[in-house]
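Participant: My questions concern the predicted model and sequence given below.
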Amino acid sequence: MGWTSFYSEDSLELVVLKEVGAWGYDVMGHNMVRETHNGTDPKDIENAVAYLAVRHPKGYVFGLVVLLNKRREFPGGRDEVYYKEMDESQGPNYYNMSEEVFSLLTDIPDQGEYSKEWREKVKSNINK
């Protein structure tokens with residue numbers, strides 16, 4: 001899957017909460033890991049990875065990772081937000097979910113191997 005983008009002056013945290021809510025999911029908890037601007041692209045304003053515990057309509061709570069980037073293409077222009085979401089069944093290579101958010105995840109019916117591996121890596125990262 002690719003990236004989605006739109007213009008927004010909202011914070012990245014508010015963007016991700018609004019978007020996930022618009023998809024019809026309840027966010028049970030979340031944490032954000034902000035990445036500092038390293039100077040590689042002066043158009044980048046802010047980068048972050050959001051980790052969310054999200055309630056599925058069937059009742060279970062799963063992990064969702066959302067990559068976020070806010071850019072301004074030219075001085076005085078509008079801020080454009082890009083995001084890419086990956087649920088735990090896709091085995092995202094991002095493991096900095098907080099222990100508080102991780103504890104909200106529940107068993108998933110027919111949980112696949114990618115999901116199991118992702119949860120193990122998050123748990124290992126928490127226990128470092």
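Facilitator: Arrived safely, thanks for sending. Residues are numbered from 1 along each chain as shown.

Participant: Tell me where the chain has helices.
Facilitator: With helices called from DSSP state H, the chain shows them at 12-22, 99-102, 113-126.

Participant: between the ones you listed, which gets nearest to Arg71?
Facilitator: Arg71 lies closest, by CB to CB, to one member of the helices of the chain: helix 12-22, at 11.5 Å. Heads up, the C-betas are built off the backbone N, CA and C, glycines and all.

Participant: which other helices and strands contact that closest one?
Facilitator: strand 26-35, strand 44-55, strand 61-72, strand 79-87 (3 or more CB pairs under 8 Å, 6 or more residues apart in numbering; DSSP states H and E).

Participant: Tell me the buried residues in that helix?
Facilitator: For helix 12-22, burial by neighbour count (16 or more other CB atoms under 10 Å) applies to 12, 15-17, 19-20.

Participant: by how many degrees do it and strand 44-55 diverge?
Facilitator: 40 degrees (axes from the mean of the first three to the mean of the last three CA atoms, to 10 degrees).
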